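K.L.:
Model the structure of this input:
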Amino acid sequence: MNSNRSTRRAVITGIGPISCIGIGKEPFWRGILAEKSGIAKLTRFDLGGLEARSAGQVDYFDPLNYFPAKMLRRLDRYAQFAVASALLALEDSGLSYSPDSPDPRRGVSFGTALGGICNAEKEHDAFVKGGFKAVSPLLALQVFGGSAHSNIAITCGFQGVGTTNSNSCASGTVALGEALRYIRDGIADVMVAGASEAPLSPLTYGAFANIRTMSEADPSFSCRPFDLNRDGFVMGEGAASLVVEEYEHAKARGARIYAEILGFSHNNDAYHMTSPHPNGEPTIRAMRDALADARTNPEEIGYINAHGSSTKVNDSNEAHCIHNIFGSRAASLPVSGTKAYTAHPLGATGALEAVICCLAMTEGYLPPTLHYETPDPECQLDVIPNKGREARPRKVLSNSFGFGGINSCLILGTV
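P.N.:
Numbering: from 1, shown residues only. This is a model prediction of the structure:
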């Protein structure tokens, strides 16, 4: 713990989720309260002989609701989600902005696992069929991950720090942690932080299916975090942006505050690309480091939004690590795996789950772990099975663990 840390505080004043259960704060939260999964059979393309067939598809997203048609030429679906979620979050925050009045004290911290790779996949098909002249001349502007923060900055006039990380399934959480540091260090007063993912294309989906990490169960019941019969994750698409603002800046303009980002951690297992470290020590350390950064004791945490990917090894490993940190409280501490709602939109998942944490604290409702039927002796947790619970935690922990052994955690608290 750094005793010389800046006294500048980072608070969340706007949220903009895009997911298979709803687009925008109110529809998204209605989706959570409905306690029904947004996962269904993938219909975006022919599944061929794949055994995996479930996805979290965002079927009602119209980019023309957010920006003019001429702007769409430079935005693939990944960047469309990113910019639209940022605009939703800024609208929710009440913060004014203009590209004609650029502000060097405002920045963007974004994340993604795959960026524009699915659009590149489509353009490669065009190349195979028609050669170079068949490829969009804008592909070079669309395919790179940094198109997310770049287009948000251009749209909003944010001339401060701009970055997009690619830390696998922890990307959204890392983006929020970096925003916290930019605020604390005095580099920015306002950050749009979040993540976006649009991975539902044949080659990408098939690649994950081929390494047998995705569920092959019936789509209506395919994602079941911590359940004994879980058989893999379900790929989804979506995005979430959060407006992270320096506390005094937010207070001066009378902003509504959802939560304060109290602490952040980020480390690596240095062990394996797809499996967590067997003893969980780096994951345990990530949770401890986030608590230390937040100057928070484990006893103060009232809810955990677990990574809960619904894979055999990852869920049992996370449960083991939670028991290590929280000891005798672990069996009764509310923990939910909310990917059964939204599927797993890879890099965007941590940002979406941060939105869930913000709303859980402000609305006084802890979302359940859906599709939970059979307890797993390796996952002895209070997973809030199937039915949500009224509670208003003052501090929450959100976990994100990704391929490559990437571990990242956030501590959020009420103000």
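K.L.:
so what pLDDT did Gly232 get?
P.N.:
Reading off the confidence values, Gly232 has pLDDT 97.
K.L.:
Can you tell me the closest non-neighbouring residue to it?
P.N.:
Ser215 (4.0 Å; CB to CB, 6 or more residues apart in numbering). (Each C-beta comes from the backbone N, C-alpha and C, glycine too.)
K.L.:
Arg73: how many residues sit nearby?
P.N.:
Around Arg73 there are 11 other residues, counting by other CB atoms under 10 Å.
K.L.:
Relative to Asp62, how far out is it?
P.N.:
Distance, Arg73 to Asp62, using CB to CB, to the nearest Å: 16 Å.
K.L.:
what do you get for Glu378?
P.N.:
43 Å.
K.L.:
Those two: who's more crowded?
P.N.:
Comparing Glu378 with Asp62 by other CB under 10 Å, the one with more neighbours is Glu378, at 14 against 9.
K.L.:
what's the closest non-adjacent residue to the more buried one?
P.N.:
The shortest distance from Glu378 to any non-neighbouring residue, by CB to CB, 6+ apart, is to Ser316 (4.0 Å).
K.L.:
What of Thr342?
P.N.:
Ser19 (4.7 Å).
K.L.:
can you give me phi and psi for the one you found?
P.N.:
phi -150, psi 180 (degrees, to the nearest 10).
K.L.:
now Leu47
P.N.:
phi -80, psi -10.
K.L.:
Give me the nearest residue to it, chain neighbours excluded.
P.N.:
Closest to Leu47 by CB to CB, 6+ apart is Arg53, at 5.4 Å.
K.L.:
Would you mind giving the secondary structure of the closest residue to Gly364 other than its chain neighbours?
P.N.:
In this structure, Gly364 finds its nearest non-sequential neighbour in Arg392, 4.2 Å apart by CB to CB, 6+ apart. On the three-state scheme (DSSP: H, G, I helix; E, B strand; the rest coil), Arg392 is labelled coil.
K.L.:
Hmm, Arg392 is touching Met361, no?
P.N.:
Yes: if you go by CB atoms under 8 Å, Arg392 and Met361 touch, sitting 6.7 Å apart.
K.L.:
between the two, who's got more neighbours?
P.N.:
More neighbours surround Met361 than the other of Arg392 and Met361, with 24 against 14 (other CB under 10 Å).
K.L.:
lowest-confidence helix or strand of this structure?
P.N.:
Lowest mean confidence among the helices and strands of the chain (mean pLDDT, DSSP states H and E): helix 139-142, at a mean of 83.
K.L.:
same for that one, what does it pack against?
P.N.:
For helix 139-142, the packing partners by 3 or more CB pairs under 8 Å, 6 or more residues apart in numbering; DSSP states H and E come out as helix 117-130.
K.L.:
count of neighbours near Ser37?
P.N.:
25.
K.L.:
One more: the one 10 residues further on?
P.N.:
Here the count is done by other CB under 10 Å, and Leu47 has 17 residues near it.
K.L.:
How confident is the prediction for it, by pLDDT?
P.N.:
pLDDT recorded at Leu47 is 94.
K.L.:
Could I get the full set of helices for the stretch 251-400 of the chain?
P.N.:
For the stretch 251-400 of the chain, applying DSSP state H, counting those that start in this stretch gives helices covering 281-293, 312-326, 339-342, 349-363.
K.L.:
Show me the one of these that comes nearest Pro137.
P.N.:
helix 349-363 (31.1 Å; CB to CB).
K.L.:
and that closest one, average pLDDT?
P.N.:
98.
K.L.:
picking that back up, need the phi and psi values for the residue nearest to Gly364.
P.N.:
Dihedral angles (degrees, to the nearest 10) for Arg392: phi -130, psi 80.
K.L.:
What distance do you get for it to Arg329?
P.N.:
18 Å.
K.L.:
Same check on Gly94?
P.N.:
Applying CB to CB to Gly94 and Arg329 gives a distance of 38 Å.
K.L.:
the longest helix in this protein is where?
P.N.:
helix 77-93 (DSSP state H).
K.L.:
what lines up beside the helix or strand following it in the sheet?
P.N.:
Scanning forward in sequence from helix 77-93 by DSSP states H and E, the next helix or strand is strand 106-111. The pairing partners recorded for strand 106-111 under DSSP bridges are strand 162-165 (parallel), strand 190-197 (parallel).
K.L.:
Below-threshold pLDDT in this structure: ranges please.
P.N.:
For the chain, residues meeting the criterion pLDDT under 70 lie at 1-3.
K.L.:
and with 50 instead?
P.N.:
1 (pLDDT under 50).
K.L.:
circling back: so how many other residues sit close to the residue nearest to Thr342?
P.N.:
Per other CB under 10 Å, the neighbour tally for Ser19 reads 30.
K.L.:
quick one on the thing from earlier: got a list of contacts for the least confident helix or strand of the chain?
P.N.:
Arg74, Leu75, Asp76, Ala79, Gly116, Asn119, Ala120, Glu123, Ser136, Ser147 (CB atoms under 8 Å, 6 or more residues apart in numbering).
K.L.:
Now with 10 Å, please.
P.N.:
73-79, 115-116, 119-120, 122-124, 126-127, 136, 147, 150-151 (CB atoms under 10 Å, 6 or more residues apart in numbering).
K.L.:
tell me which residues in it are buried?
P.N.:
Neighbour-count burial for helix 139-142 flags Leu139, Leu141, Gln142 (criterion: 16 or more other CB atoms under 10 Å).
K.L.:
so what's the residue nearest to the last one when sequence neighbours are not counted up against?
P.N.:
I take that to be Gln142. Closest residue to Gln142 apart from its sequence neighbours, by CB to CB, 6+ apart: Asp76 at 4.3 Å. By CB under 10 Å, 6+ apart, the contact list for Asp76 reads 82, 115-120, 122-123, 136, 138-139, 141-143, 147, 198.
K.L.:
List only those of these flagged as buried.
P.N.:
So, by 16+ other CB under 10 Å, the buried ones in the contacts of Asp76 are 82, 115-120, 122-123, 139, 141-143, 147, 198.
K.L.:
what's the most distant pair in those?
P.N.:
Ala82 and Glu123 (18.9 Å).
K.L.:
What are the buried residues along stretch 96-109?
P.N.:
Those would be Tyr97, Asp103, Arg105, Arg106, Gly107, Val108, Ser109, for stretch 96-109 by 16+ other CB under 10 Å.
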